[in-house]
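Colleague: model this:
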Amino acid sequence: MPRKTDGIEFEIHPRPTKGEDGKPLLYVRPAKGWKKSFKELETFCNKYRGMRPGEMQALFNVMMDVVGLWLSDGYRVETPIGSFAPKLKLKGEHTDPKTIHGRDVSYAGVEFIPSKEFVEECGRNREGYRKSPAIVGNSQMYDEKTMEEALRRCLKFGYATVPEFMIFSGLKRDSAKKYLDSLCKGDQPRLRKIRESRRWLYFPLRKE
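Modeller: I've put the predicted structure just below:
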């Protein structure tokens, strides 16, 4: 069956919480690398939406100027795509409102709440969804076949190291070390580790 090539590409990542089988529950998010530049937006609108060259940039310049002015005065600004409002942060820990003064408050960014119409427009994905072919996050740690193959390749020369296991498994450093360390524990450990200078060497206790 040919692989689906249209629709929103998504990645799968593990959550901190685990399911009934002891493995992390998973969540999905759009795949990295899919982005459009402002130049592409401007070119598209010039070609397909009847906007003149430079008009899009001028629109955003004016919007940043005016909306920024109003936000700096504390207003929430409503637009067709949603509303913008300043976010504030309280310095220190307070329990008594009487102890809070203007100097205890700082600017913490901008809050954006998309409008219902904008959300609906953004969600009109007519092509469905497709899974990213790349292994992402550390979810592969819980794929027994993937980890076994990575370990086999790593032990080809008699021992494994964390950097080498990272390459073969696709895991990040902490997760790669955590996995190798887990094989050194238990009633019947598969590996033993020996410190050599600044690195750990992992040797098999039985033929792999």
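
Colleague: show me what counts as buried in the helix or strand hosting Ala176.
Modeller: Per DSSP states H and E: Ala176 is located in helix 173-182. For helix 173-182, a neighbour-count test (16 or more other Cβ atoms under 10 Å) marks Ser175, Ala176, Lys177, Tyr179, Leu180 as buried. The way it works is simple: take the backbone N, C-alpha and C, and place the C-beta from them, glycine included.

Colleague: dump the residue contacts of the last one.
Modeller: Contacts for Leu180 were tallied using Cβ atoms under 8 Å, 6 or more residues apart in numbering; they are Ala160, Val162, Phe165, Leu191, Lys193, Trp200, Tyr202.

Colleague: buried among the residues you listed? Need that as a selection in ChimeraX.
Modeller: Filtering those down to the buried ones (16+ other Cβ under 10 Å) takes a single ChimeraX command:
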select :160,162,165,191,193,200,202
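
Colleague: just the ones of the contacts of Leu180 in helices?
Modeller: Val162, Phe165 (DSSP state H).

Colleague: just the contacts of Leu180 now: which is nearest Gly33?
Modeller: Nearest to Gly33 among the contacts of Leu180, counting by Cβ to Cβ, is Phe165 at 25.3 Å.

Colleague: pretty sure the closest one sits against Leu171.
Modeller: Yes: the pair Phe165 / Leu171 is scored as a contact, 7.1 Å apart, by Cβ atoms under 8 Å.

Colleague: show me the shaky parts of the chain.
Modeller: The chain contains residues with pLDDT under 70 at 1-5, 134-140, 142, 207-208.

Colleague: in stretch 50-62, what's buried?
Modeller: Buried residues in stretch 50-62, defined by neighbour count with 16+ other Cβ under 10 Å: Met51, Met56.

Colleague: need the strands for the chain, in chain order.
Modeller: 8-18, 24-30, 77-79, 82-90, 105-114, 129-131, 191-196, 199-204 (DSSP state E).

Colleague: hmm, back to that, mutual contacts of Phe165 and Leu171, please.
Modeller: Counting by Cβ under 8 Å, 6+ apart, the contacts common to Phe165 and Leu171 are Tyr179.
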